[in-house]
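>>> Requesting a structural model of the entry that follows:
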Amino acid sequence: MARVLGPVARLGQGAGLPLAGSAFAWFDTVVLRDAGGATVTQAAAKLATEDQARLSGARAPLCGLSLDRPRIMGIVNVTPDSFSDGGDVTNAAAAVARAKAMARADILDIGGESTRPGADTISIAEEIRRVAPAIRAIRDAGITTPISIDTRKAAVAEAALDAGADIVNDVSAFAYDPELADLVAARGVPVCLMHAKGDPATMQQNPQYDDVLLEVLDHLAERVGFALSRGVARDRLIVDPGIGFGKTQAHNLALLAGLPFLHDLGLPVLLGVSRKKFIGTIGGAEAAKDRMPGSLAVALHGAAMGAHILRVHDVAETAQALALWQAVQGQV
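Sure, this is the predicted structure:
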């Protein structure tokens with residue numbers, strides 16, 4: 001039996017099906033892969049009803065945010081060593097200032113442990129010391145934007161949720177600390193499950209795949225199954241292909257080209273590409289903070305491919321780019 005890999009995305013108001021609930025993209029063709037590995041295209045109208053619904057249906061709202069258009073997740077790293085902005089936000093007051101500067105963000109993603117290539121794991125106590133006061137200060141400042149805690153550790157997530165966070169963003173997809181799944185299930189909060197090959201310290205040491213897109217899809221499907229087995233509700237799940245996490249430049253580009261295929265999982269898709277190394281390599285920007293134009297280009301590609309959440313450093317610039325992109329598509 002052929003497996004549905006995913007839709008062939010198109011922009012504008014077409015005669016086909018909405019792409020993963022998008023108001024801007026649609027599809028009328030899907031790619032199938034048979035047991036022997038051969039791929040063929042087929043009209044979407046010939047799919048079974050449940051397959052059509054999985055690929056085109058509206059995704060569940062996230063903290064009251066509809067996902068019929070791309071949402072912006074602003075990165076607030078309370079770390080000394082993140083690849084792009086390490087040391088920029090060193091205390092709770094600075095976190096509040098950064099959150100206020102990201103007023104156009106739909107979600108704030110607070111991280112206390114760098115997961116850049118080569119990064120070492122820090123202690124639970126140190127990670128809590130960094131993130132919990134920052135989250136509490138943001139809430140005390142009257143900022144009500146949903147907050148995501150970027151962590152692999154159950155104890156850190158618990159402290160962050162107690163401080164006012166709403167979402168968990170786990171780059172290990174519960175592989176580092178399976179008890180995090182139990183916490184998410186008990187609290188009933190949304191969680192993002194990301195694909196990563198290896199841990200941050202070693203993940204960029206010659207990563208290899210037979211077929212990166214299929215392997216990422218299979219891994220995410222397995223982690224979704226694990227989450228469901230631990231009691232996490234399906235409408236609380238988000239998936240992320242993990243651009244740059246155990247991938248070469250060629251792997252990253254293959255995943256970006258095949259991004260619509262992630263919609264076969266039937267879940268919201270988060271895309272985090274902001275300022276990553278391959279953008280600098282291709283775009284000629286050695287310093288991470290000089291990669292904003294390239295980051296915008298890839299973010300708009302993600303939006304066209306039906307990504308529901310764009311995780312970015314440059315919130316105002318991304319919001320402006322999306323506003324113009326949406327206007328061109330006839331949506332204001």
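
>>> what about the longest strand in this structure?
Using DSSP state E, we find that the single longest strand of the chain is strand 71-77.

>>> helices or strands next to it in the packing?
helix 92-101, strand 107-111, strand 309-312, helix 315-328 (3 or more C-beta pairs under 8 Å, 6 or more residues apart in numbering; DSSP states H and E). Using the backbone N, CA and C atoms, a C-beta is placed for each residue, glycine as well.

>>> okay, these, which one's buried deepest?
Most buried of the helices and strands packed on strand 71-77, by mean neighbour count (mean count of other C-beta atoms under 10 Å): strand 309-312, with a mean of 28.

>>> How about residues contacting that one?
62, 67, 70-75, 106-107, 109, 192, 238, 268-272, 274, 295, 299, 302-303, 318, 322 (C-beta atoms under 8 Å, 6 or more residues apart in numbering).

>>> Let me see the domain layout of this protein.
1-58, 63-328 (automatic domain parsing).

>>> Make JSON lines out of these and add mean pLDDT.
Below are the domains of the chain laid out as JSON lines (pLDDT from 0 to 100):
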{"stretch": "domain 1-58", "mean pLDDT": "85"}
{"stretch": "domain 63-328", "mean pLDDT": "93"}
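
>>> right, so those domains: which one is the most enclosed?
Note that of those, domain 63-328 is the most buried (mean count of other C-beta under 10 Å), with a mean of 20.

>>> Endpoint to endpoint, it covers what distance?
28 Å (C-alpha to C-alpha, to the nearest Å).

>>> Repeat that for stretch 253-269.
End-to-end distance (C-alpha to C-alpha), stretch 253-269: 17 Å.

>>> that older thread, TSV for the helices and strands packed on strand 71-77, including distance to Val156?
Below are the helices and strands packed on strand 71-77 laid out as TSV (distance: least, C-beta to C-beta, whole Å):
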stretch	distance to Val156
helix 92-101	16
strand 107-111	10
strand 309-312	19
helix 315-328	24
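
>>> Now do stretch 324-332: everything it contacts.
With contact meaning C-beta under 8 Å, 6+ apart, stretch 324-332 is reached by 11-13, 23-24, 69, 300, 303.

>>> Please read the previous query as pertaining to stretch 187-196.
With C-beta under 8 Å, 6+ apart as the criterion, stretch 187-196 contacts 62-63, 148, 161, 166-174, 184, 203, 216, 219-220, 223-224, 227, 232-233, 236-242, 245-246, 270, 272, 309.

>>> what does stretch 148-155 give?
So stretch 148-155 is contacted by 73, 107-113, 115, 124, 127-128, 131, 135, 156-157, 160-161, 165-172, 176-177, 179-180, 182-183, 192 (C-beta under 8 Å, 6+ apart).

>>> distance between that stretch and the chain's centre?
15 Å (C-alpha atoms, centre = their mean, to the nearest Å).

>>> ditto for stretch 28-35
Using C-alpha atoms, centre = their mean, the offset of stretch 28-35 from its chain centre is 25 Å.

>>> ditto for stretch 241-252
13 Å.

>>> Could the C-alpha coordinates of that stretch be exported in PDB?
Extracted in PDB, the C-alpha atoms of stretch 241-252 (Å, rounded to 0.1, in the frame of the first residue of the first chain):
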ATOM      1  CA  PRO A 241      12.000  19.100  11.700                       C
ATOM      2  CA  GLY A 242      15.000  20.500  13.700                       C
ATOM      3  CA  ILE A 243      16.800  22.400  11.000                       C
ATOM      4  CA  GLY A 244      20.500  22.400  11.900                       C
ATOM      5  CA  PHE A 245      20.200  19.800  14.600                       C
ATOM      6  CA  GLY A 246      22.400  16.900  13.400                       C
ATOM      7  CA  LYS A 247      22.000  18.000   9.700                       C
ATOM      8  CA  THR A 248      24.400  19.200   7.000                       C
ATOM      9  CA  GLN A 249      23.500  22.100   4.700                       C
ATOM     10  CA  ALA A 250      22.300  19.600   2.100                       C
ATOM     11  CA  HIS A 251      20.000  18.000   4.800                       C
ATOM     12  CA  ASN A 252      18.600  21.400   5.800                       C
END
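
>>> Now do the strands for this structure: every range, in order, please.
Going by DSSP E, the chain shows strands at 3-7, 10-11, 17-18, 25-27, 29-33, 39-43, 71-77, 107-111, 147-150, 167-170, 191-194, 237-240, 270-272, 309-312.

>>> Including distance to Ala99, could these go into TSV?
As requested, those are exported to TSV (distance: least, C-beta to C-beta, whole Å):
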stretch	distance to Ala99
strand 3-7	35
strand 10-11	32
strand 17-18	33
strand 25-27	30
strand 29-33	41
strand 39-43	45
strand 71-77	6
strand 107-111	6
strand 147-150	9
strand 167-170	15
strand 191-194	19
strand 237-240	21
strand 270-272	18
strand 309-312	14
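
>>> Can you give me the end-to-end span of stretch 147-160?
Using C-alpha to C-alpha, the two ends of stretch 147-160 sit 9 Å apart.

>>> Tell me which of the helices and strands packed on strand 71-77 sits nearest to Ala58.
strand 309-312 (14.7 Å; C-beta to C-beta).

>>> and that closest one, which strands flank it?
According to DSSP bridges, strand 309-312 forms sheet pairs with strand 71-77 (parallel), strand 270-272 (parallel).
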